[in-house]
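Undergrad: Could you look at this predicted model? Sequence included:
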Amino acid sequence: MNTLRVFYWVVTGLLAVFMLLASVPDVLRSAEATDVFRHLGYPMYLLPFLGTAKILGVFAVIAPAMRTVKEWAYAGIAFDLLGAWYSHLSAGDGPSFWIFPLIGMVLLTGSYALRLRTERHVR
């Protein structure tokens, strides 16, 4: 396994862990997750839906093959992270809240870019 592929899997693994740690409290409707949603003004019924969608997106990103599904999963995770970043900025939250979506976007962008490079390298 070449260095580029190893680096891809490290970044993608970090992205997967990051997103799973963010989604499990949503699915379980933890007190912290409901407090954040309430603060942002979102309805509570959206919480488990978004958490489940994030978990499915993570599985699609780490699953072998399924090229089109993987593309949609990357896009869905990007929309989730950008929406979280924008929501916290709009609510007037400080960097301690909106830095996490930006970290997720860095991991997502790195994973996607490395995936494209490893696919091009294999062909």
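TA: It's in. Numbering: from 1, shown residues only.

Undergrad: what's the spacing between Ala91 and Val69?
TA: 33 Å (CB to CB, to the nearest Å). In short, each C-beta sits where N, CA and C put it, glycine included.

Undergrad: go on, Leu82?
TA: From Leu82 to Val69 the distance is 20 Å (CB to CB).

Undergrad: Can you pull the poorly scored residue ranges out of the protein?
TA: 1, 121-123 (pLDDT under 70).

Undergrad: starting at the chain centroid, how far to the longest helix seen in it?
TA: In terms of residue count, the longest helix belonging to the chain (DSSP state H) is helix 95-122. Averaging C-alpha positions (CA atoms, centre = their mean, to the nearest Å) puts helix 95-122 9 Å from its chain's average.

Undergrad: Now do that helix: which elements does it pack against?
TA: On a contact count with 3 or more CB pairs under 8 Å, 6 or more residues apart in numbering; DSSP states H and E, helix 95-122 meets helix 3-28, helix 67-90.

Undergrad: Could you list the buried residues of it?
TA: Across helix 95-122, burial judged by 16 or more other CB atoms under 10 Å covers 97-98, 100-101, 104-105, 107-108, 110-112, 114-115, 118.

Undergrad: And for stretch 54-63?
TA: So for stretch 54-63, counting by 16+ other CB under 10 Å, buried means Lys54, Ile55, Gly57, Val58, Ala60, Val61.

Undergrad: give me every residue that touches the first one.
TA: Same thing as Lys54. By CB atoms under 8 Å, 6 or more residues apart in numbering, the contact set of Lys54 is Met19, Leu20, Ala22, Ser23, Asp26, Ile77, Asp80.

Undergrad: so how far is Met19 from it?
TA: Note on Lys54: its distance to Met19, by CB to CB, is 5 Å.

Undergrad: who touches both of those two?
TA: Common neighbours of Lys54 and Met19 (CB under 8 Å, 6+ apart) are Ile77.

Undergrad: Phe49: which of the helices and strands packed on helix 95-122 is closest?
TA: helix 3-28 (8.6 Å; CB to CB).
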